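Q: Give me coordinates for this.
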Amino acid sequence: MSVTPDYQLAALQQRLGHRFTDTGLLVHALTHSSHSKTHNERLEFLGDSLLGASISMLLFQSHADADEGALSRLRTRLVRGETLAEIARELALGDCLRLGLGERKSGGRLRASILADALEALLAAVYLDAGINAVQAVVERLFQARIDQLPDAESLKDPKTRLQELLQARGLELPQYELLDQSGPDHDRSFTISCRLSAQNQCWQAEAASRRKAEQKAATAALRELQQ
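A: From the prediction side, this is the model:
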C-alpha cells in the first residue's frame with residue numbers, strides 16, 4: 001500500500017493555504033477506496049456540498065447583476081469535474097494520493113475523476129479541521145482566478161437551449177430531434193440524430209458517441225446556419 005511522505009503532505013498544505021491541526025483528516029481525504037476500507041468517499045460527499053455553497057457565495061458577491069439562471073451556469077462551469085481535476089493537478093494532488101496497487105499501476109494518480117473526487121474530499125477535511133470560514137478561504141484561493149476569467153453567462157448556455165430561445169424569439173416552432181441510427185459495440189457506440197424544423201423544411205444531422213452529444217452537435221449546426 002502507498003504511504004504519502006510527510007514532506008509531500010507539508011508541501012500540499014502550503015499550496016492549499018491551510019495547515020491542518022489534525023493531519024489525520026488530510027491523510028483520510030487523500031485515501032482512495034482502492035487503498036483501504038477507510039477511504040475518502042464520505043468526505044467527497046460532504047465536500048461536494050461545501051464546494052457548491054462556497055462557489056455560490058463567491059459568484060453571488062462578484063456577479064451582482066446576474067440572475068439565477070446565469071449564476072447556475074457559471075457555478076456549473078466551476079464545479080464540473082474537468083475544472084476540479086485541473087485544480088487538483090495544479091496542487092500536485094495526484095502525487096499525494098494513497099492508492100491501491102491496481103490503481104497505481106493503471107495511472108490512477110492522473111485520472112481526472114479520482115483527482116476531482118480527492119479535491120472535494122480535501123475541502124471536507126478542511127471543514128472538519130477548521131470550519132466553514134477556512135473552507136471558504138481555501139475555495140477563494142483556488143478558484144478566484146477562474147472566477148475572474150469566466151466568460152459571459154449567456155455563452156455558457158448549451159446549444160439546444162440557445163436554439164430554442166432563438167426560435168422562440170423569432171416566433172418559430174421548436175425543433176424536433178429524432179434518432180436516425182445507432183451502431184457499434186457497447187464500448188464504442190455511435191448515434192446519428194436529426195434536428196428538424198418541419199414548417200421551414202430544414203433539417204440538420206450530427207453524429208456523436210452519445211445521443212445527447214449528437215443532439216447538441218445538430219443544434220449547433222442549426223444555430224450556425226440560422227444566425228448567418
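
Q: Ala10: how many residues sit nearby?
A: The local packing of Ala10 (other CB atoms under 10 Å) involves 12 other residues. Bear in mind the C-beta positions are built from the backbone N, C-alpha and C, glycine included.

Q: Contact partners for it?
A: Taking CB atoms under 8 Å, 6 or more residues apart in numbering as the contact definition, Ala10 lies against nothing.

Q: which SSE is it in?
A: Element membership for Ala10 (DSSP states H and E) is helix 6-16.

Q: quick one: contacts for Ala112?
A: 81-82, 85.

Q: same question, Leu172
A: Contact analysis of Leu172 by CB under 8 Å, 6+ apart lists 197, 199-200.

Q: Most neighbours among those residues, please name it.
A: So for those (other CB under 10 Å), the most neighbours sit at Leu197, 18 neighbours.

Q: That one contacts Pro175, correct?
A: Yes - using CB atoms under 8 Å, Leu197 makes contact with Pro175 at a distance of 5.8 Å.

Q: Give me the common contacts of those two.
A: Counting by CB under 8 Å, 6+ apart, the residues touching both Leu197 and Pro175 are 167, 222.

Q: before we move on, the earlier item: by neighbours, which of the contacts of Ala112 wins?
A: That'd be Ala85 among the contacts of Ala112, by other CB under 10 Å, with 22 neighbours.

Q: Surely that residue and Leu110 touch.
A: No - applying CB under 8 Å as the test, Ala85 and Leu110 come out as separate, 9.3 Å apart.

Q: for the helix or strand bottoming out on mean pLDDT in the chain, which positions count as buried?
A: Lowest by mean pLDDT, DSSP states H and E among the helices and strands of the chain is helix 159-169, with a mean of 88. Neighbour counts over helix 159-169 (16 or more other CB atoms under 10 Å) mark 159-160, 162-163, 167 as buried.

Q: which parts of stretch 192-199 are buried?
A: Buried, per 16+ other CB under 10 Å, within stretch 192-199: 192-197.

Q: ok, now stretch 3-15?
A: Buried-residue list, stretch 3-15, by 16+ other CB under 10 Å: 4, 9, 12-13.

Q: now these in TSV, with distance to Gln216?
A: Formatted as TSV, the buried residues of stretch 3-15 follow (distance: CB to CB, whole Å):
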residue	distance to Gln216
Thr4	40
Leu9	42
Leu12	37
Gln13	41
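
Q: List just the nearest of those to Thr76.
A: Of all these, Leu12 has the smallest distance to Thr76: 27.1 Å, by CB to CB.

Q: what about Cys203, how many residues close to it?
A: 16.

Q: Having no further points to raise, I will conclude here.
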